[in-house]
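S.K.: next input, structure requested:
(chains A, B, C, D, E and F)
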Protein chains: 4
Amino acid sequence: MTQLAHAGQAASRSGDDVQDVHQGRRHDLAVAALHTWSEYGYSHVSVRNIARRTRFSHGMVHYYFRSKDALVAECVRIIQESHIFGADVSAAGDVLAVSHIVADAICDSLRTHRRLHRIRFDLRNQSQFERELRGYALEVEHAHDVAVQAIRRRYETLGWTFDPPFELLAIQVDALRERAVRADLLGDDLPVAVTQLRTDLLRVLPG
Amino acid sequence: MTQLAHAGQAASRSGDDVQDVHQGRRHDLAVAALHTWSEYGYSHVSVRNIARRTRFSHGMVHYYFRSKDALVAECVRIIQESHIFGADVSAAGDVLAVSHIVADAICDSLRTHRRLHRIRFDLRNQSQFERELRGYALEVEHAHDVAVQAIRRRYETLGWTFDPPFELLAIQVDALRERAVRADLLGDDLPVAVTQLRTDLLRVLPG
Amino acid sequence: MTQLAHAGQAASRSGDDVQDVHQGRRHDLAVAALHTWSEYGYSHVSVRNIARRTRFSHGMVHYYFRSKDALVAECVRIIQESHIFGADVSAAGDVLAVSHIVADAICDSLRTHRRLHRIRFDLRNQSQFERELRGYALEVEHAHDVAVQAIRRRYETLGWTFDPPFELLAIQVDALRERAVRADLLGDDLPVAVTQLRTDLLRVLPG
Amino acid sequence: MTQLAHAGQAASRSGDDVQDVHQGRRHDLAVAALHTWSEYGYSHVSVRNIARRTRFSHGMVHYYFRSKDALVAECVRIIQESHIFGADVSAAGDVLAVSHIVADAICDSLRTHRRLHRIRFDLRNQSQFERELRGYALEVEHAHDVAVQAIRRRYETLGWTFDPPFELLAIQVDALRERAVRADLLGDDLPVAVTQLRTDLLRVLPG
DNA sequence: CATGAATGAGTTTTCATTCAT
DNA sequence: TATGAATGAAAACTCATTCAT
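M.R.: You can find the predicted model right below:
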């Protein structure tokens, strides 16, 4: 549960507590929603299922979130702020170092934020069918793209040129991540899947 | 609708028409279900939604399918029989020819069976959350694997060795297909997406 | 199954077979209905449940019986004709002999026709709530009364006078029979229940 | 309706009214269910039928009762708490007095709780066919047995010995009660039936 | 004669949402 | 703020009945 820890509680010091408490509650509820989502899938995320996970009533959820949609929006905000796609490649001195950092970052993120990754893939899939999810899915995909482009720039700064184009590599990497996420839920051991993932990533990344 | 055409209509033989008519109806209903599925996603494939697409009552659907599960089973059967993963590479004389045939087959299948492909990806995703779907998802993935291995063997017969391993290439190809499927529904032009897919496939396939 | 055997098939000799075949079918269907009834209770006797027990389609049931009600009527007729309440006490020379004959007859009937007895009690109960069953329940109860009165007359002919009145004894005997029927379905051993019943009957019957 | 009156209305204390109001509603709904049950039989006790009796929607019933089974459980609880089998024979000085108290208690209970008695017999019957009812039926029968044994002890304390055994007498008494319950619903006058019952009881009870 | 296609009302249950307090 | 009462639509499924063939 550490991975979805409550970030807003430190805000309870200053004067305008009210706002902060409100935000804290919203956050807590959204975290509960994320848990439900990652375990049962979007279509089973019901307001009551979420409330059951918290100390709050189901009316509360509607008090803090105008609708289920607003709740999804908050969930997406949390995903964004978790920087689950980031890899700090600024210190890497050569292409191989970048690849190692990237592979490690992906695997670490999968270990600590597997729920969020699973949600991302579910969101991307569902957004094909539920109009109201498209905006959120695009936001998350955009965050992914931004992180990916930063990596690309580092590779290119270090003199690597991609052929086939970088984009296709990015798609492959993302597909490997998705496979690891699926393996996890389908019963396969997460650590094993992540180890396998690391091996595979190093095979396809430059170097 | 042409892509999901009615296979049972040839039922004009003689005595056992009854069975054929029955099977025809079952097929028609399953096709209606596939349409609903591909447009609204699995979680909105309800018996009533399907009936609404037909000239029949919802009781009818239950008349032909004991349960929703039986309906899904028939849908999966149709997907299987559509051979949406097949590529006849037996005639290919060199590696490049194989790649072209594979790329063309994938693109053709996407054009004629885009609904089924979309359903496959949705099924694969939902099966993570809905136990009763796992068997079906595994069946479809197995069909995919079988088709993919046939291609691999042809490549290897023609002397190609894969490094990184073939499996990673297959995942990449499948991810490209998924992207094209998503592009379609997200508003991008299908023909454009398929053209792009073909270009991309030829870039990653051997040759 | 012997207890609900088909009585109408011997009629297939004469010229007007048609009628007889028709009656035979009606009988067979009603027997299937009786089986369903005794196992699942009246409220679960559905036309399809019955048809499933036979070699016929569910449309057949409606072909032979205008409605579920007509089917019930036929079931009741079969119960009546099975003489499940009868005891031939004409040969009994003294009161004790009558009591033994009655006890034995009740136990024998329970062994060979336990299904019908169970149905009788279920019918009597349901008829309180479903108007259309009342007539049938009353018919069956009347048959019971007739058989009971014959026994009473024999006792009185042999010089026995009942105090408390015979009617109260009849109610007690019937309640003991009902208890044995319930014991059977609730898992207790039928033979044991019948043996117990015999002992109890001999304790309350004259002599 | 007096016989099934609302027990929770005293909920005017202070802080924990909420609970009481909730319990009150539950009780009210269960009472509505008991009415439906006693009039139409268990197989017609549907959530919608019950809601139709109240000013509430059928969703409400599900709000208060997780499932139909929970509703039945509450109904049974109400039956238990109504002590419909009790007779205070502690003050009776001789056997005849016990018999009179018992007869009067049975008749009084039948007058004030005839619905509950009818439900008991229906429950006992249906429990033969519906597994999920067995536990409830056994509970109610156990309550009956407990009350009956208390009476037996009083008789025996006062020196009466039963031959035939007490158990057979209890069955007879219960059967007489059932007959009165049936007479009521089948159209016969309740007061008349109860008067008759009293006479009959005094004929079979000791003294 | 006999079938099974077809319907519509019924069952239990879940759920997003609104709202009075 | 926060609760939980209340609703109505929707889900999967069952069933008696009608009817064309």
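S.K.: the one residue in chain A that gets nearest to DNA strand F: how many residues sit nearby?
M.R.: Nearest to DNA strand F, among the residues of chain A, is A:Gly59, at 2.4 Å (Cβ to the nearest atom of the strand). Backbone N, C-alpha and C define where each C-beta goes, glycine included. Applying other Cβ atoms under 10 Å in any protein chain shown, we find 10 residues neighbouring A:Gly59.
S.K.: do A:Arg55 as well
M.R.: 8.
S.K.: measure it to A:Arg25 for me?
M.R.: Shown here: A:Arg55 relative to A:Arg25, a distance of 10 Å by Cβ to Cβ, to the nearest Å.
S.K.: residue boundaries of the helices in chain A?
M.R.: A:17-40, A:47-53, A:58-64, A:68-81, A:95-126, A:134-157, A:166-185, A:190-204 (DSSP state H).
S.K.: can you add mean pLDDT and give those back as CSV?
M.R.: As requested, the helices of chain A are arranged in CSV below (pLDDT from 0 to 100):
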stretch, mean pLDDT
helix A:17-40, 87
helix A:47-53, 90
helix A:58-64, 91
helix A:68-81, 93
helix A:95-126, 97
helix A:134-157, 97
helix A:166-185, 94
helix A:190-204, 96
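S.K.: mind putting these into a markdown table with distance to C:Asp188?
M.R.: Compiled in a markdown table, those are given as follows (distance: least, Cβ to Cβ, whole Å):
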| stretch | distance to C:Asp188 |
| --- | --- |
| helix A:17-40 | 44 |
| helix A:47-53 | 43 |
| helix A:58-64 | 47 |
| helix A:68-81 | 53 |
| helix A:95-126 | 53 |
| helix A:134-157 | 62 |
| helix A:166-185 | 48 |
| helix A:190-204 | 53 |
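S.K.: is it possible to get CSV of the ones you listed that adds distance to chain B?
M.R.: Supplementary listing: these in CSV, determined by distance: least, Cβ to the nearest Cβ, whole Å:
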stretch, distance to chain B
helix A:17-40, 6
helix A:47-53, 13
helix A:58-64, 20
helix A:68-81, 14
helix A:95-126, 4
helix A:134-157, 7
helix A:166-185, 4
helix A:190-204, 4
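S.K.: tell me which of those helices lies nearest to D:Arg134.
M.R.: helix A:47-53 (30.6 Å; Cβ to Cβ).
S.K.: which residues touch that closest one?
M.R.: Helix A:47-53 is touched from outside by A:29, A:32-33, A:35-36, A:40, A:57-58, A:60-62, A:68, A:71, with contacts defined as Cβ atoms under 8 Å, 6 or more residues apart in numbering or on different chains.
S.K.: those residues, buried ones only, as a ChimeraX selection?
M.R.: Remark: buried members of those, expressed as a ChimeraX selection using 16 or more other Cβ atoms under 10 Å in any protein chain shown:
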select /A:29,32,33,35,36,40,60,61,68,71
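S.K.: on that earlier part again, out of the helices of chain A, which gets nearest to B:Ala105?
M.R.: The nearest among those, by Cβ to Cβ, is helix A:166-185 at 19.1 Å.
S.K.: show me chain A divided up by domain.
M.R.: A:2-80, A:83-204 (automatic domain parsing).
S.K.: looking at these, which is closest to D:Arg203?
M.R.: domain A:2-80 (59.3 Å).
S.K.: the closest one and DNA strand E in contact?
M.R.: Yes. Counting by Cβ under 7 Å from any atom of the strand, DNA strand E has neighbours in domain A:2-80: A:44-49, A:58-59, A:62-63, A:67-69.
S.K.: what's the spacing between that domain and its chain's center?
M.R.: Between the mean C-alpha location of domain A:2-80 and the chain-wide mean there is a distance of 16 Å, by Cα atoms, centre = their mean, to the nearest Å.
S.K.: same thing with stretch A:161-181?
M.R.: Counting by Cα atoms, centre = their mean, stretch A:161-181 comes out at 17 Å from the chain centroid.
S.K.: in that stretch, which residues are buried?
M.R.: A:166-181.
S.K.: list just the nearest of those residues to chain D.
M.R.: Each of these was scored against chain D by Cβ to the nearest Cβ, and A:Val181 proved nearest at 33.9 Å.
S.K.: what's that closest one in contact with, if anything?
M.R.: Here A:Val181 is in contact with A:Leu110, A:Arg114, A:His117, A:Arg118, A:Phe121 (criterion: Cβ under 8 Å, 6+ apart).
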